[in-house]
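J.: Build me a model:
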Amino acid sequence: MNKLLLRAAMAAMISTGAMAQSTVVTTTGTGHAAALQIEPEYRTKIHTYVAEHKVRPVETREKIVVGRPVPREVELEAVPADWGPSLSKYRYVYSGERVMLVDPSTRTVIQEID
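T.: From the prediction side, this is the model:
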């Protein structure tokens with residue numbers, strides 16, 4: 001019961017913060033993975049950044065997918081500040097014309113920017 005109340009309180013705090021920020025970080029029901037909700041404006045900024053800076057896609061034997069770790073040989077790139085303050089703690093990988101946000105502590109892909 002206490003966990004349920006704690007999660008409800010956290011959800012309320014996050015939802016009020018969502019009005020002040022354009023990117024919102026919320027946790028899934030399991031508490032293990034972060035699910036990001038990124039506003040369309042920031043999605044456009046991300047894709048524009050990748051195109052303008054001619055970011056080269058990484059090549060791997062395995063497809064890089066959400067929920068799985070990025071191979072150790074792949075270099076994670078720092079997220080630029082203009083992608084939004086809520087994303088600054090993450091890194092990204094550009095793979096197969098897809099931008100993937102990565103949790104640097106676990107190297108797990110948490111979001112594909114479509």
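J.: Can you show me the strands along the protein?
T.: Here the chain has its strands, by DSSP state E, at 23-27, 34-38, 77-78, 91-95, 98-103, 108-113.
J.: Point out the other helices and strands that the last one packs with.
T.: If I follow you right, that is strand 108-113. When contacts are defined as 3 or more Cβ pairs under 8 Å, 6 or more residues apart in numbering; DSSP states H and E, strand 108-113 sits against strand 34-38, helix 40-52, strand 98-103. In this view, the C-beta of every residue, glycine as well, is placed from N, C-alpha and C.
J.: Export that strand to PDB, keeping only CA atoms.
T.: The C-alpha trace of strand 108-113 is given here as PDB (Å, rounded to 0.1, in the frame of the first residue of the first chain):
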ATOM      1  CA  THR A 108      20.500   0.400 -22.200                       C
ATOM      2  CA  VAL A 109      18.500   2.000 -25.000                       C
ATOM      3  CA  ILE A 110      15.500   3.700 -23.300                       C
ATOM      4  CA  GLN A 111      13.900   5.500 -26.200                       C
ATOM      5  CA  GLU A 112      13.900   5.700 -30.000                       C
ATOM      6  CA  ILE A 113      13.300   9.100 -31.300                       C
END
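J.: quick one, it and strand 98-103 angle?
T.: Counting by axes from the mean of the first three to the mean of the last three Cα atoms, to 10 degrees, strand 108-113 lies at 140 degrees to strand 98-103.
J.: So which residues make contact with strand 108-113?
T.: Under the criterion Cβ atoms under 8 Å, 6 or more residues apart in numbering, residues 33-36, 38, 43, 46-47, 64-70, 90, 93, 98-103 lie in contact with strand 108-113.
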